[in-house]
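Enquirer: Turn this into a model:
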Amino acid sequence: MDGLTSRRIVLLGKTGAGKSSLANTILGELLFTINDSPNSDTTKCQANTRSVSGRSITLIDTPGFFDTDRSEEELRPEIVRCITECAPGPHAFLIVLKVDKFTEHEQEVINKIRQHFSQDALKYAVIVFTHGDQLPDGKKIEDFVSQNKNLRDLVEKCGGRCHVVDNRYWKHNEEDNYRSNQFQVEELLNTLDKVTEANQGPCYTNEMLHAVKREIKREEEHLRQSAGNLSQEEVINRAKKRFIDRFLIGSAGVATGALLGVLLGVAEMAKTDVGRVQDLAEFFRRTTVANAALESGVKGGWTGYTAAGGAETPLEAVQKAANAVWSQSGFAADRNTQ
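Expert: Numbers count the residues shown, from 1 in each chain. As a prediction, this is how the structure comes out:
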């Protein structure tokens, strides 16, 4: 695909909005897995690259990052994979919504997008509505947007950029250009070109993406020196995988160490103080306990990170971190003297 204009595009939205189907519609192939389950179809970040209308398009399809029933612990590895796939940064975000009521849940999704990627991300965002068959006859997506103030404000913050597709019914509509996916995808690609022009070429980035880019480059240099005659694509893919593995191992060590540190810090205070406190709820409200827990959590996190350095898998990192924090605690000492 040398010589083609390259675009890295991240699809964001809640489960069921139609992100995977939209990705297939844009690339013109069934590359992203979809089904009719009410649960998230995409549990891991997926990336695919194809040539579309003279452009090399890489789409990064994300799991339901912003679903309320998914914990940060569960999502952290996939957020890291998403950031790694789009490093040094995406050229655009597609915020995917249904042609449906814009509820508090949808608004919360937008709030979380801004929280994770910053307010500047909307300068690179395009709103894409799915389920276009729900539009009344003769109406355009702008008419639908104008009916809801919050939705209208969101589109305005994205530079007025919005499009609509229907992944099921608009595949072969030759009678109405507007209700044709082929027409809408071409219009969307033209809009993405304008996003790049409006932002004077560079992709969206932040400190986190800069750091990821630097780490991947280090991995690439190491691989070129030690891995023989790998192609450029193989070097990049292996570098990304090694970075993700290393990040997850370190994160597992920090998380385990910090959690165990907090628990042991509170318990250590309880050994000496709880006998003098009649009300257990009062004990847990005491500042000394909070400070002890915080200090122990920080120490535990650092101990866990250090111990996980030699691990080869996240599970091994958890075990090493737990053993290291436990061995430094007063409880381990007490047990050894019994």
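Enquirer: How many neighbouring residues does the nearest residue to residue 45 once chain neighbours are set aside have?
Expert: Closest residue in space to residue 45, ignoring its immediate chain neighbours: residue 81 at 4.2 Å, by CB to CB, 6 or more residues apart in numbering. C-beta coordinates here come from the backbone N, C-alpha and C atoms, glycine included. For residue 81, the neighbour count with other CB atoms under 10 Å is 23.
Enquirer: Okay, and residue 81 sits in which element?
Expert: Here residue 81, judged by DSSP states H and E, is contained in helix 72-86.
Enquirer: What distance do you get for residue 219 to residue 211?
Expert: 13 Å (CB to CB, to the nearest Å).
Enquirer: Let me see the contact set for residue 177.
Expert: residue 183 (CB atoms under 8 Å, 6 or more residues apart in numbering).
Enquirer: Spell out the secondary structure type for it.
Expert: coil (DSSP: H, G, I helix; E, B strand; the rest coil).
Enquirer: cool, and residue 7?
Expert: Residue 7 carries the three-state label strand when classified by three-state DSSP.
Enquirer: From residue 194, how far off is the nearest residue to it once chain neighbours are set aside?
Expert: Leaving aside its sequence neighbours, residue 7 sits nearest to residue 91 (CB to CB, 6+ apart; 4.8 Å). Separation of residue 91 from residue 194 (CB to CB) stands at 11 Å.
Enquirer: More neighbours: which of the two?
Expert: residue 91 (23 against 13).
Enquirer: sorry, back to before: next helix or strand past the helix holding residue 81?
Expert: Toward the C-terminus from helix 72-86 - assigned by DSSP H and E - lies strand 92-98.
Enquirer: Which strands or helices does the helix or strand that that next one is followed by pack on?
Expert: On the C-terminal side of strand 92-98, the nearest following helix or strand under DSSP H and E is helix 104-117. Judged by 3 or more CB pairs under 8 Å, 6 or more residues apart in numbering; DSSP states H and E, helix 104-117 is in contact with strand 92-98.
Enquirer: Which parts of the stretch 151-300 of the chain are strands?
Expert: Secondary structure of the stretch 151-300 of the chain by DSSP state E, counting those that start in this stretch: the strands cover 162-164.
Enquirer: quick one: pLDDT of the spatially closest residue to residue 48 that is not a sequence neighbour?
Expert: Of all residues not flanking residue 48 in the chain, residue 31 sits nearest, at 4.5 Å (CB to CB, 6+ apart). pLDDT, residue 31: 93.
Enquirer: Please verify my assumption that residue 31 contacts residue 24.
Expert: Yes. Under the criterion of CB atoms under 8 Å, residue 31 makes contact with residue 24 at 6.2 Å.
Enquirer: in stretch 183-203, what's buried?
Expert: Buried residues in stretch 183-203, counted by 16 or more other CB atoms under 10 Å: 184-185, 188-189, 191-192, 195-196, 203.
Enquirer: For residue 160, state which of these is nearest.
Expert: residue 191 (9.9 Å; CB to CB).
Enquirer: For that closest one, give me its contacts.
Expert: Here residue 191 is in contact with 126, 161, 163 (CB under 8 Å, 6+ apart).
Enquirer: Next, count neighbours for the first one.
Expert: In this case it means residue 126. Neighbours of residue 126 using other CB under 10 Å come to 22.
Enquirer: All further residue positions should be reported with the first residue as 183.
Expert: Sounds good: first residue 183 from here, last item residue 308.
Enquirer: where does it land in three-state SS?
Expert: Secondary structure for residue 308, judged by three-state DSSP, is strand.
Enquirer: Go ahead and confirm it touches residue 378.
Expert: No. Counting by CB under 8 Å, residue 308 does not reach residue 378; the two are 11.5 Å apart.
Enquirer: sorry, back to before: and residue 213 and residue 206? which has more neighbours close in?
Expert: residue 206 (20 against 16).
Enquirer: Render the CA-only coordinates of the helix or strand hosting that one in PDB, please.
Expert: Counting by DSSP H and E, the element that carries residue 206 is helix 201-209. Extracted in PDB, the C-alpha atoms of helix 201-209 (Å, rounded to 0.1, in the frame of the first residue of the first chain):
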ATOM      1  CA  LYS A 201     -19.000  -0.400  15.700                       C
ATOM      2  CA  SER A 202     -17.900  -3.700  14.300                       C
ATOM      3  CA  SER A 203     -20.600  -3.600  11.500                       C
ATOM      4  CA  LEU A 204     -19.600  -0.100  10.700                       C
ATOM      5  CA  ALA A 205     -15.900  -1.100  10.400                       C
ATOM      6  CA  ASN A 206     -16.900  -3.900   8.000                       C
ATOM      7  CA  THR A 207     -19.100  -1.400   6.000                       C
ATOM      8  CA  ILE A 208     -16.200   1.100   5.700                       C
ATOM      9  CA  LEU A 209     -13.600  -1.500   4.600                       C
END
